[in-house]
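A.B. asks: give me a 3D structure for the following:
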Amino acid sequence: MPAAASTVNPQQTGRWPRRLGLSLMLLLVCAALAAVAYRYAEDAAIDRLRLSGAQRLDTYAAGLEHLLSKYDFLPGTFELNKDVIALLRQPGDEALRRDVNIYLERVNRLAGSTSIYIVNLKGVTQAASNWRAPDSYVGDYIAFRPYIREALRGMPGGFYGVGTTRGEPGYYFARGIYHEGRMLGVATVKVNIESLEASWAEAGGKALLTDAHGVVFLSSVPEWKYRTLAPLTPAARQELEQSRQYFSHALTPLGLREVRALDARARIVTGPPPATGPMLSQSRGLVTRNWQMVYLSDLVPARASARAAALLTVLSEALAVMLVLYARQRHRLGRQRQRAREDLQRAYDQLENLVADRTASLEQITRELRDENAVRRQAEEQLRKAQSELVQAGKMAVLGQLSAGITHELNQPLTALRTMADNARVLIERGRHADASANLATISQLVERMGQLTGQLRQFARKSDTRPSAVPVADAVTAALFLVERRIAQERVGFRMATHPRDLYALCDSNRLQQVLVNLFSNALDAMEMAGSVSRQLVVEAGREGARVLIAVTDSGPGIPEDVRAHLFEPFFTTKPQGKGLGLGLAISEQIVRESGGRLRAESPPEGGARFIIDLPRAE
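C.D. replies: Predicted structure coming up:
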């Protein structure tokens, strides 16, 4: 261990502190550049907002002055009306008052103002344009209003306030009415300037208009109206209460807080809802009316732009650092690449040898699998042939069991044919042609009967092509019954068949379905015969359940014991005496139904006996 420690290079030991110092210095320089970029981008964005805000203030101020200047002359025109002069000199003339009221109503409608009214020197309204309304100004005492007091002192008055009668805000123009150099009263015109708020709101930003006390009386933000930029002094609050300029409004502070002052008319502030961040506040004074207009611009986009500039700076710095590091690493990687290329070549040679070995092994496995697949296909083909032969053997076994009855069925018609043929020959010789014709018709019927029997046997015995088709269930049951009806008659078995609906079709092979039914009929007859049942009943019921066809074969035999039920469909399992069966009938039947997409199952009905149900797909 001591020997290994002595091999450490002192130059390498002192290199890490130098690298750490250079990294910290580089990090500080990058942070400083990002901060400078942020501040520069923010100042540039604020300058653009200040220019836009100044233009907005000029536009809004010009619009306000233009609106008010249209009505500035109107109060002075009423001293030209002789009826107004006469009413002020004769206040008790009601007919004259009505004429002046109608005149003021017409002028108010043509001028588009809110209301016009005439006040005497005592401050009592003598006539008004709203004289028809229940809350008419006629008779109201309004000498306390500042614009009335100024007009009575001989100075044209201009005043914004909230009406004490209806609570409607508006701007009031007031001017004295003179006759022969003597003041008789005051003419007042009220104008609604609230429409400016909607245009400010549509233009974007937040605009305010405040009076000399800093009360906001017009605003593009409804929540800020009748609030104050700063808390009111006691003297200002007392003055507003006496003049009732804003009537019942509380005049609470708006809550604008200054963050940073830019110059005398611009500063950064934060405000109440719905403001969500810092804003640029710019103001412009309206000297002639002692008002101040304030425009607030959202600084969130400006700061987002500044952050984007800082981020771009950081990314550029990171790219530059990465390029430097890439240049340093490139030379080092060149040497490593050469060594890696040599190692890769060696690994490639080893991989080629391994692939060659694995390829040879896979080829051997492929040959073995190919041979195994050929053997499996041959075995499957042999199995299919064996299954087909097994089905055919089952048919032959059934035919063997039915051979005695079939022989009897054929012997009777043959004997009758021989006798009736001899009789027909004798009847023809004797000239009894009508009787001979009747004998020949009977012979034809017997031949047809024998043909049906042999045809049915030939149909049953032929090999099936196993292709499914729409098979009428009633026809299949009838064809199967034809093969066992002789035995049913001999053993006195009651047979009943019910098919609902009549046009019921199953998707299967007709010949194979008949074979299954013949097997089930034969098993039922054997069970009732071996049990010696007194009442022998064989019932076939067919119906549909959804997309399935159910064919039930029920007998009145001894039923199926529980120990036998589990082995019913096993090949070569039988409960019949030796020589009566091979035990293949149910196994073959279950395989036929399963290959047709169905299921064969056994049940024990409550009334006794056994029931086998064939479940097949339904066909249209």
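A.B. asks: helices of the stretch 51-200 of the chain, start to end?
C.D. replies: When assigned using DSSP state H, counting those that start in this stretch, the helices of the stretch 51-200 of the chain occupy the ranges 82-89, 94-111, 146-152, 195-203.
A.B. asks: for the record, mean pLDDT for stretch 348-366?
C.D. replies: What stretch 348-366 shows for mean pLDDT is 85.
A.B. asks: pLDDT score for the closest residue to Glu150 other than its chain neighbours?
C.D. replies: Nearest in space to Glu150, with sequence neighbours left out and distances taken as C-beta to C-beta, 6 or more residues apart in numbering, is Gly157 at 3.9 Å. In short, each C-beta sits where N, CA and C put it, glycine included. Listed pLDDT for Gly157 reads 77.
A.B. asks: next one: Gly157 from Ala127, what distance?
C.D. replies: Applying C-beta to C-beta, to the nearest Å, the value for Gly157 to Ala127 is 19 Å.
A.B. asks: the more surrounded of those two?
C.D. replies: Between Gly157 and Ala127, counting by other C-beta atoms under 10 Å, Ala127 is the more crowded of the two (30 against 21).
A.B. asks: my guess is that one contacts Leu87, does it?
C.D. replies: Yes. Counting by C-beta atoms under 8 Å, Ala127 does reach Leu87; the two are 6.2 Å apart.
A.B. asks: what's the helix or strand for Gln292?
C.D. replies: Secondary structure from DSSP states H and E places Gln292 in strand 291-298.
A.B. asks: which other residues reach that strand?
C.D. replies: 49, 52-53, 56-57, 60-61, 64, 205-212, 214, 229, 269, 271, 275-277, 279-286 (C-beta atoms under 8 Å, 6 or more residues apart in numbering).
A.B. asks: can you check stretch 556-571 too?
C.D. replies: Applying C-beta under 8 Å, 6+ apart, the contact partners of stretch 556-571 are 524, 527-528, 531, 533, 535-538, 573, 575, 583-584, 586-587, 590, 600, 602, 604, 608-610.
A.B. asks: same check, this time on stretch 606-616
C.D. replies: 506-508, 513, 516-517, 520, 524, 527, 537, 548-560, 593, 596-605.
A.B. asks: repeat that for 6 Å
C.D. replies: Here stretch 606-616 makes contact (C-beta atoms under 6 Å, 6 or more residues apart in numbering) with 506, 508, 520, 548-557, 559-560, 593, 596, 598-603, 605.
A.B. asks: got it, and stretch 527-546?
C.D. replies: 473, 477, 493-500, 504, 524, 550-558, 618.
A.B. asks: can you select the buried ones among these for me in PyMOL?
C.D. replies: Buried members of the contacts of stretch 527-546, defined by 16 or more other C-beta atoms under 10 Å, are picked up in PyMOL with:
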select buried, resi 473+477+493+499+504+524+550+551+552+553+554+555+556+557+558+618
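A.B. asks: dump the residue contacts of Leu507.
C.D. replies: By C-beta under 6 Å, 6+ apart, the contact set of Leu507 is Pro468, Pro617, Ala619.
A.B. asks: for the second one, give me phi and psi.
C.D. replies: Note on Pro617: backbone dihedrals following degrees, to the nearest 10 are phi -70, psi 140.
A.B. asks: quick one: classify Asp503 as helix, strand or coil.
C.D. replies: On the three-state scheme (DSSP: H, G, I helix; E, B strand; the rest coil), Asp503 is labelled coil.
A.B. asks: how many residues are close by the closest residue to it other than its chain neighbours?
C.D. replies: The shortest distance from Asp503 to any non-neighbouring residue, by C-beta to C-beta, 6+ apart, is to Pro472 (7.6 Å). Other residues lying near Pro472 total 17 when counted by other C-beta under 10 Å.
A.B. asks: with Arg267 instead?
C.D. replies: By the criterion of other C-beta under 10 Å, Arg267 has 17 neighbours.
A.B. asks: repeat for Arg132
C.D. replies: For Arg132, using other C-beta under 10 Å, the count is 10.
A.B. asks: identify the spatial nearest neighbour of it, chain neighbours not counted.
C.D. replies: Arg132 sits nearest to Glu105 (C-beta to C-beta, 6+ apart), 7.5 Å away.
A.B. asks: give me the below-cutoff pLDDT ranges for the stretch 501-620 of the chain.
C.D. replies: Within the stretch 501-620 of the chain, the stretches with pLDDT under 70 are 578-583.
A.B. asks: where exactly do the helices run in it?
C.D. replies: 510-531, 562-565, 585-595.
A.B. asks: ok, the nearest residue to Met497 once chain neighbours are set aside - how many residues close by?
C.D. replies: Of all residues not flanking Met497 in the chain, Val540 sits nearest, at 4.6 Å (C-beta to C-beta, 6+ apart). Residues lying near Val540 (other C-beta under 10 Å) number 23.
A.B. asks: with Ala198 instead?
C.D. replies: Other residues lying near Ala198 total 10 when counted by other C-beta under 10 Å.
A.B. asks: how about Arg48?
C.D. replies: Neighbours of Arg48 (other C-beta under 10 Å): 13.
A.B. asks: what angle sits between the helix or strand hosting Val477 and helix 510-531?
C.D. replies: For Val477, the element it lies in under DSSP H and E is helix 473-490. Angle between the axes of helix 473-490 and helix 510-531 is 30 degrees (criterion: axes from the mean of the first three to the mean of the last three C-alpha atoms, to 10 degrees).
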